[in-house]
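Enquirer: just to be clear, the model below is a prediction. Sequence and coordinates:
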Amino acid sequence: MEDNLLLLSNSQTHGMAMFEHARDALSDFLAGRHTLYFAPYAGSDYDGYTQTIKTALKPFGVTVIGLHTVTDLQQTLQAAEVLFVGGGNSFRLLKTLEQLDMLAPVRERVSRGELRYMGSSAGTNMACPTMRTTNDMPIVQPNSFASFNLIPFQINPHYQDPLPASTHMGETREERIREFLDENNVPVLGLREGSWLRKRGTQLHLDGLANARLFRRHTDPQEYTPGTDLSWLLTEKAIFDQKA
């Protein structure tokens, strides 16, 4: 079996219902699956967040179960077929994943092709080697920045281009990513809202409603259109600053 990932920049696109922009991708990803376990840990209202996801995924014919409601988390992780890690605050999410000892079990089962992984926003950030390219404030402190490491490059969800007429004097998203590349030699894919990645084994494709922007050290950013084969990114070597 091969690993199977669906990594969404966002779960809701402006003017559309939740997941409407990725309806076909979700239908394909969930085909033949009846139960999806949801990790609501990036938010604070676990029950409310889970109910929102239940309602949004009802048209896809899957039963959604919040991981916070199961009696034996580790046993559930060993038996689950689909895991969805939702968005919210990446620091809070990673700290909870660490506390629940979820990182290694999920990584191992996904790598063996036994567990399908779906992420959105912070959940997509967790699929990277580290959470260092999140947009979030560090409202809590995890033990490490290391996350699930399901792909060998970084993603910046909700990537936004600089606004030409803006008078804002703070750093743009591009400037912050370039700062990251000063210290870490690893590609960063800026996923604009409405876009996603689909990984099947050694194959990786960009899809969705918007282009993605790839940043690499000492290289001009590159634009990629939906439908582009990005499988070569899976062979890239990442060099992180080990002090952080």
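Expert: Cool, the structure landed.
Enquirer: in this protein, where is pLDDT below threshold?
Expert: In the predicted model, the chain carries pLDDT under 70 at residues 165-170, 242-244.
Enquirer: dead centre of it: give me the residue that sits there.
Expert: Nearest to the geometric centre of the chain sits residue 124, at 0.4 Å (C-alpha atoms, centre = their mean).
Enquirer: which ones are touching residue 209?
Expert: 13, 21, 194, 195, 226 (C-beta atoms under 8 Å, 6 or more residues apart in numbering). The way it works is simple: take the backbone N, C-alpha and C, and place the C-beta from them, glycine included.
Enquirer: could you rerun that using 6 Å?
Expert: 21, 194 (C-beta atoms under 6 Å, 6 or more residues apart in numbering).
Enquirer: can you give me the helices in the protein?
Expert: 23-29, 46-57, 73-79, 90-99, 103-111, 122-125, 173-183 (DSSP state H).
Enquirer: kindly reformat the ones you listed as TSV containing distance to residue 160.
Expert: Output for those, formatted as TSV (distance: least, C-beta to C-beta, whole Å):
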stretch	distance to residue 160
helix 23-29	22
helix 46-57	24
helix 73-79	34
helix 90-99	17
helix 103-111	29
helix 122-125	15
helix 173-183	5
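Enquirer: so what's the residue nearest to the centre of the chain up against?
Expert: The contact partners of residue 124, by C-beta under 6 Å, 6+ apart, come to 7, 155, 157.
Enquirer: list only buried entries from those.
Expert: The neighbour-count criterion (16 or more other C-beta atoms under 10 Å) marks 7, 155, 157 among the contacts of residue 124 as buried.
Enquirer: between those residues, which sits nearest residue 82?
Expert: Checking those against residue 82 by C-beta to C-beta gives residue 7 as the nearest, at 13.9 Å.
Enquirer: my read: that closest one touches residue 119, true?
Expert: Yes. Here residue 7 reaches residue 119: they are 5.1 Å apart, a contact under C-beta atoms under 6 Å.
Enquirer: who touches both of these two?
Expert: Common neighbours of residue 7 and residue 119 (C-beta under 6 Å, 6+ apart) are residue 127.
Enquirer: quickly list what residue 219 is bridged to.
Expert: Going by DSSP bridges, residue 219 is paired in beta bridges with residue 216.
Enquirer: list the buried residues in stretch 179-186.
Expert: Result for stretch 179-186 [16+ other C-beta under 10 Å]: buried residues 180, 181, 184, 186.
Enquirer: residue 224 and residue 151, how far apart?
Expert: Separation of residue 224 from residue 151 (C-beta to C-beta, to the nearest Å): 15 Å.
Enquirer: the two: which has the busier surroundings?
Expert: residue 151 (22 against 16; other C-beta atoms under 10 Å).
Enquirer: for the more buried one, what are its contacts?
Expert: Residue 151 neighbours (C-beta under 6 Å, 6+ apart): residue 127.
Enquirer: how close does it sit to residue 128?
Expert: 6 Å.
Enquirer: got it, and residue 65?
Expert: From residue 65 to residue 128 the distance is 25 Å (C-beta to C-beta).
Enquirer: next one: residue 78
Expert: In terms of C-beta to C-beta, residue 78 sits 24 Å off from residue 128.
Enquirer: higher neighbour count, the two?
Expert: Counting neighbours by other C-beta under 10 Å for residue 78 and for residue 128 shows that residue 128 has the greater number, 28 against 13.
Enquirer: name the nearest residue to that one, sequence neighbours excluded.
Expert: Leaving out its chain neighbours, the residue that sits closest to residue 128 by C-beta to C-beta, 6 or more residues apart in numbering is residue 154, at 4.8 Å.
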